[in-house]
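Novice: 3D, please:
(one chain, ligands or ions: 1)
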Amino acid sequence: MPYRAGWIHFTNVAPILDSLVLPPGVTAITGVPTQMNAALLSGEVDIANISAVEFIRNADVLEALPDFSVAVLGPVYSVNLFHTRPLEELRRVALTAQSAMSVALLEVLLRERGLSPVLKRAEGEAEALLSQGFDGVLRIGDSALREWYGVVGPLTPETTMTSLPHSARGITVTDLAEEWFRLTGHPFTFAVWAYRKDRPPPAALVQAMREARRDGIGHLADVAERHARKLGLPERVVQHYLWNFRYHLEAPDRLGLHEFAAKAVPGHAPLTFGPRPGPR
Ligand SMILES: C=C(O[C@@H]1C=C(C(=O)O)C=C[C@H]1O)C(=O)O
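Specialist: Alright, predicted model coming up:
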């Protein structure tokens, strides 16, 4: 039986996945986070870069690679709450059905502030939903990055990603990873590469992933240029977006992961990670 992978192929994983050459005997499918979470849990795939909260919730049956993550310290730019009233006054918030992680993060952040707006699944662009009776809209991934830029952009030669405003045209964009940083001072780990404990990945796959990541990070400007074209965004935006990610699940990322686990899934089973990468 082949070893089956399920990749969430958002732009933020392009530096790992774009140049990945699957070793013989490994197949891969792609989908949005909630699809890949479900595929891993049902056994349709053996490994996937899943929403970290699903790894935490299912820590009894899943293990994660020790050195792969999609994490950030501070803003992420693509996990955004678009809102038309201050957070304290939110009444109805639309949630994307694509994401498990950002919904869990939003719930933690709202609870920490003692807020409890109505949360409702609804798909669509942020601005459309904001004109349909929602005062907050949670969006993730490539479309959230594009919509963020659509609200707060454009960049001028004098401005940088970090100097763009948080509000424009009556819409405020709250970056949930930045909020997490304000709350904890730690990185936020959105995704880990998890596998079923009884189906660990072949060493050749992990090796190929490490080589692909080295290649992607080594040629980040090329990756950014390619994806900027696809997304219809300036190269500068995508380049900054990509270099901002932490892809190695280092000690600070694990700290953030454990802290989030304690807040979001109290009583979870211990988180386990595969062996550290050995010598090449
Ligand atoms: C930061 C992001 O990370 C992704 C967000 C996920 C989620 O919200 O469930 C899952 C995997 C991550 O790769 C993003 O896509 O914007």
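
Novice: residue ranges of the strands in the stretch 51-200 of the chain, please?
Specialist: Counting by DSSP state E, counting those that start in this stretch, the stretch 51-200 of the chain has these strands, from start to end: 62-72, 79-83, 92-95, 118-121, 136-140, 167-168, 171-175, 188-196.

Novice: so which of these comes closest to Met161?
Specialist: Comparing the strands of the stretch 51-200 of the chain by their distance to Met161 (Cβ to Cβ), the top pick is strand 171-175, with 11.0 Å. (Glycine included, C-beta is placed from N, CA and C.)

Novice: Please state the offset of the closest one from the chain centre?
Specialist: Taking the mean of its C-alpha atoms, strand 171-175 sits 17 Å from the chain's own mean (Cα atoms, centre = their mean, to the nearest Å).

Novice: Strand 62-72 and the lengthiest helix in the chain, what's the angle between them?
Specialist: Secondary structure of the chain per DSSP state H: the longest helix is helix 203-218. Per axes from the mean of the first three to the mean of the last three Cα atoms, to 10 degrees, the angle that helix 203-218 makes with strand 62-72 is 0 degrees.

Novice: Run through the neighbouring helices and strands of helix 203-218.
Specialist: If contacts are counted by 3 or more Cβ pairs under 8 Å, 6 or more residues apart in numbering; DSSP states H and E, helix 203-218 sits against helix 14-17, strand 62-72.

Novice: you'd agree Val32 is up against Ala100?
Specialist: No: taking Cβ atoms under 8 Å as the definition, Val32 is not a contact partner of Ala100, at 10.2 Å.

Novice: So these two - more neighbours on which side?
Specialist: Ala100 (20 against 16; other Cβ atoms under 10 Å).

Novice: give me phi/psi at that one?
Specialist: phi -100, psi -40 (degrees, to the nearest 10).

Novice: if I look at it, how far off is Leu183?
Specialist: 20 Å (Cβ to Cβ, to the nearest Å).

Novice: Which among the strands of the stretch 51-200 of the chain is found nearest to Leu220?
Specialist: Nearest of the strands of the stretch 51-200 of the chain to Leu220, taken as Cβ to Cβ: strand 62-72 at 14.9 Å.

Novice: so does the closest one get close to the ligand?
Specialist: Yes: using Cβ under 6 Å from any ligand atom, strand 62-72 reaches the ligand at Val70.

Novice: which outside residues touch that strand?
Specialist: The set of residues external to strand 62-72 that reach it, using Cβ atoms under 8 Å, 6 or more residues apart in numbering, is 12-13, 16, 40, 49, 55, 177, 187-197, 200-201, 206, 209-210, 213, 244-249, 253, 256-257, 271-277.

Novice: List only buried entries from the residues you listed.
Specialist: Among the contacts of strand 62-72, the ones that count as buried by 16 or more other Cβ atoms under 10 Å are 12-13, 16, 40, 49, 55, 177, 187-196, 200-201, 206, 209-210, 213, 244-249, 253, 256-257, 271, 274.

Novice: and those near the ligand, which?
Specialist: Near the ligand, by the rule Cβ under 6 Å from any ligand atom, you find 12, 190-191 out of these.

Novice: got those as JSON lines, with pLDDT columns?
Specialist: Below are these laid out as JSON lines (pLDDT from 0 to 100):
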{"residue": "Asn12", "pLDDT": "97"}
{"residue": "Phe190", "pLDDT": "97"}
{"residue": "Ala191", "pLDDT": "97"}
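
Novice: before we move on, the earlier item: among the helices and strands packed on helix 203-218, show me which one is buried the most.
Specialist: strand 62-72 (a mean of 23; mean count of other Cβ atoms under 10 Å).
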